[in-house]
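Asker: 3D, please:
(4 chains)
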Protein chains: 2
Amino acid sequence: MTATIKDVAAAAGVGIATVSRVFSGNGPVGAATRERVLAAARALDYRPDAAARGLKTRAAAGIGLVLPDVADPFAAELAAGVLAAARDLGEHVVLDVTGGDPAREAAVVERLAGQRLGGVVAVPAGQDADWAAAARAGGVVFADRALAAFPHIPAVRADDAAGVRALVEYLTGLGHRRVAFLGAAAPGAAPGVRERAFRDALGGAEAVLVPARTSRDSAYGAAAGLLQSRPDVTAVVASGRLLGEAAVLVARELDLRVPADVSIAVIDDVPWAELCDPPLTAVARPARAMGRRAAELLARDPGRARPAAPAPLPTELVVRGSCGPPRGARGRP
Amino acid sequence: MTATIKDVAAAAGVGIATVSRVFSGNGPVGAATRERVLAAARALDYRPDAAARGLKTRAAAGIGLVLPDVADPFAAELAAGVLAAARDLGEHVVLDVTGGDPAREAAVVERLAGQRLGGVVAVPAGQDADWAAAARAGGVVFADRALAAFPHIPAVRADDAAGVRALVEYLTGLGHRRVAFLGAAAPGAAPGVRERAFRDALGGAEAVLVPARTSRDSAYGAAAGLLQSRPDVTAVVASGRLLGEAAVLVARELDLRVPADVSIAVIDDVPWAELCDPPLTAVARPARAMGRRAAELLARDPGRARPAAPAPLPTELVVRGSCGPPRGARGRP
DNA sequence: ATGAAAGCGCTAACAC
DNA sequence: GTGTTAGCGCTTTCAT
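Answerer: Numbers count the residues shown, from 1 in each chain, chains lettered A, B, ... in the order given. Okay, here's the model as predicted:
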C-alpha cells in the first residue's frame, strides 16, 4: 500500500495538518518540524494524492486534448505545443483520439467531462459531441478548425487565407495562368476558406477546382484524374498533406517532371518536404504555436469562453524547389 | 457549479446511495427508481466524478505515457497504439514528454506518481528517474528500449537484430561486399544490438562502422563524412530515421545516384519512405503494435512486474527501390 | 430494493 | 506553530 498523509504524520510524530502544510506550502511550519516531516515522507516514499487534493480544493486540474489522430504530423506537432504549454503551466494532459469519427468524439468528450479537467483543447471532428456542455463545465478551445454550431467556443486557427494568397501570388508571379486547387469542396457543398482564398487570389488566371475528400484513396484518385485529364494546368496546389503526397506520387507515376512539367505546392508543411526531390514548396502552418496558444487561452480564462475569434496565427510560404515557371513559358526571373 | 450525487438524489427524491448504485451498476435498483434517477441526472447534467470515485475505491485508473517527443513519427505511432489499447480497456491516458532529457524525465515520473495511475508505459531516456519507485507503485513497462539498471521492468521491443539480419542478407545477396552501418556507437562505447547484429550478419563482407549520435547535425556530419571519404562502400544502412534522412540528403547533394552509385536502407520505416525517389527500403518496426502491447501488459498484471523480457515483436523488411546491385557488379537478378 | 452512515486522502477553518 | 475537526463526492457495508 502506498503511504498516506496519516502514515507520515505518525512517523514524524506530528499532526496530519502539519504534513499537509508542508506539502501544500500553505500554513507556516517550523523549520525543524518541516525537516522531520520531509524525512518521514522520504522514508515512506510518500507523495500527496492529486485526486484527493483536487477533491478537497475543488480545483480542476489538467488539460484534455482531443485529436483526430496522434500519428498525423500536424496533430502531433499541435500536441507538442499543448504539452509545452502544459509543462509551463504545471498541468498534466489527458490525451484522447477520435479517429475523426463524431460518435467516438462524443464518447471521448463525455469521458473527459468526468475528469475534473481544467479545460480541453480539441481539433473537433463533428458537432455530435456535446461541446456546449463541455465548455460550460471546464472551458474548451478549438484548434485548427471551428464549429459553426458552437460560435462561442474560441478557436485558434492559422491564417490559411493569407497563406493561400501568398502561394497563389507566388505561382502567378512565376507565370502560371491555369492552376488547380486539389481538395475543393464537393460540387454542391460550400467551399472552404482555402478554396475561396484561392479563387479570389487568382485574379485573371483560371482556377481549376478539383474536389477531393481527405482520404488516401480519394486524394489519389483526384490527383490522378487531374494530372491525366488536364494537361493544360501548369501548377497544382494541394490542400493538405494527403493531397500533396498524392500529387507528387501521381506526377512521378505519370513521368511528369517537377517543376518542369508541372509545379506542385502543398498547404501544410510536412517533415519530408525537404527530402522530396525536388523539395516541396509549402505553406507552413504553425501547428506547435497553435497548440501552445490554445492551451494558454484555456489557462488565461479558465472555465469561460473568450473572444471567440482570436487573431489567426500567421502562416509562412516556404519556397523550395517544386515550383517553377510554367511549361513553355519564359518566366521573368 | 457542477451537480453532485447529492443534487441528483434530492431531485429524484431518493437516497444518495441509490444514485450511486445506478451509476456504478453495483447494487440492485428498481427499474422505476433507476429511470427517475437517470432523468434527474440528465436534467442536472450530472456526471460521476472520477477522482472521488477513485478515492473511495482506491482503484488506480489511467495509463501514463512517457515519450521523448510526441512529434517523432515512431513515438507518435507508439502513442496511437497505447491509445487504442486504452480505449479498449476503458482507461484514459496521461501523456508527458521528456525531450530525451533524463532530468525532465525524472520530474515527469515524479509528477505521474501522484496521479493514481494504473500504470505507465515509457520510452525511457535515462536512469535518472526513479523508475523503481514508479514500478513499485503502479506498474511500469518500457517500450522500444530497456534500461539495464532496471532489469525487473518489462520492456516491449522490436526484434531489431532480426530486422538488421534480414536487411544485411538482402544487401549481401544483392552483391554488396562493403556496407556501412551509419549510427554506430562511439569508438570506446559498447555497440548496440543493431550494430552487433550488423557485424554478425555481414559474414565475409566488410563492415564499415560509422559512429553518430542521434542529432540532426551529428547525423548529417556522419553521413557526409562517410559518403565523401569512402567511395568504396556500396551500401549504407542507416540506424534510425534521422540518419536515414541525412543519408539521402547527403547522397543527393553529392550527386550520388541511388541505388546506382550507392544503396541506402534505413532502420525504422518512415511515412515518407514511399515518397522518396527512389522509395526507401526500410526495416519497419511495429511501433503501433508495440504501444498496444505495452499497454496491455500493464492491464494484464497491474502493479507487478511481468516476465521482464516478453518476446520481441517482429520487424519487417520492406523492399522498395533504394537498394540495388553494387556499382559495377553484375548482380544476379 | 433502498437509506443512513462511515470513511477514502486530503485541505481549510478554527482552536490552542 | 501545531493539532482537531469537518467535509470534498463518492462507494459500501449494514440495517431496514
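
Asker: domain ranges for chain A?
Answerer: Following automatic domain parsing, one gets these domains for chain A: A:5-56, A:60-157+A:287-313, A:160-284.

Asker: for DNA strand C, find the nearest of those.
Answerer: The closest of the domains of chain A to DNA strand C is domain A:5-56. By CB to the nearest atom of the strand, the value is 2.9 Å. Using the backbone N, CA and C atoms, a C-beta is placed for each residue, glycine as well.

Asker: distance from the closest one to the middle of the chain?
Answerer: Offset of domain A:5-56 from its chain centre (CA atoms, centre = their mean, to the nearest Å): 40 Å.

Asker: for stretch A:103-115, same thing?
Answerer: The mean C-alpha position of stretch A:103-115 is separated from the chain mean by 19 Å, CA atoms, centre = their mean.

Asker: is that stretch up against DNA strand D anywhere?
Answerer: No. Stretch A:103-115 does not reach DNA strand D (CB under 7 Å from any atom of the strand); its nearest approach is 7.8 Å.

Asker: what comes into contact with that stretch?
Answerer: With CB atoms under 8 Å, 6 or more residues apart in numbering or on different chains as the test, stretch A:103-115 has contacts from A:62, A:64, A:66, A:94, A:96-98, A:120, A:122, A:124-126, A:128-131, A:133-134, A:137-138, B:47-51, B:92.

Asker: re the thing from before, tell me, which of the domains of chain A is the model least confident about?
Answerer: Among those, domain A:60-157+A:287-313 has the lowest mean pLDDT, at a mean of 90.

Asker: now do the end-to-end distance for that one.
Answerer: Counting by CA to CA, to the nearest Å, you get 28 Å between the two ends of domain A:60-157+A:287-313.

Asker: any bit of that domain sitting next to DNA strand C?
Answerer: No. Using CB under 7 Å from any atom of the strand, domain A:60-157+A:287-313 never reaches DNA strand C; the gap is at least 11.8 Å.

Asker: and stretch A:40-56, by the same measure?
Answerer: Yes. Using CB under 7 Å from any atom of the strand, stretch A:40-56 reaches DNA strand C at A:Tyr46, A:Arg47, A:Pro48, A:Asp49, A:Ala52, A:Arg53, A:Leu55, A:Lys56.

Asker: farthest-separated two in the residues you listed?
Answerer: A:Tyr46 and A:Leu55 (18.0 Å; CB to CB).

Asker: so which of the two has more stuff around it?
Answerer: Neighbour count, other CB atoms under 10 Å in any protein chain shown: between A:Tyr46 and A:Leu55, A:Tyr46 has more, with 20 against 17.

Asker: leaving out sequence neighbours, find the closest residue to the more buried one.
Answerer: A:Ala3 (4.2 Å; CB to CB, 6 or more residues apart in numbering or on different chains).

Asker: test my guess that the one you found contacts A:Leu44.
Answerer: Yes. Look at A:Ala3 against A:Leu44 with CB atoms under 8 Å: they come within range, at 3.9 Å.

Asker: nearest the geometric middle of chain A, what residue?
Answerer: Nearest residue to the geometric centre of chain A (CA atoms, centre = their mean): A:Leu78, 4.0 Å.

Asker: that's all I had, so thanks and see you.
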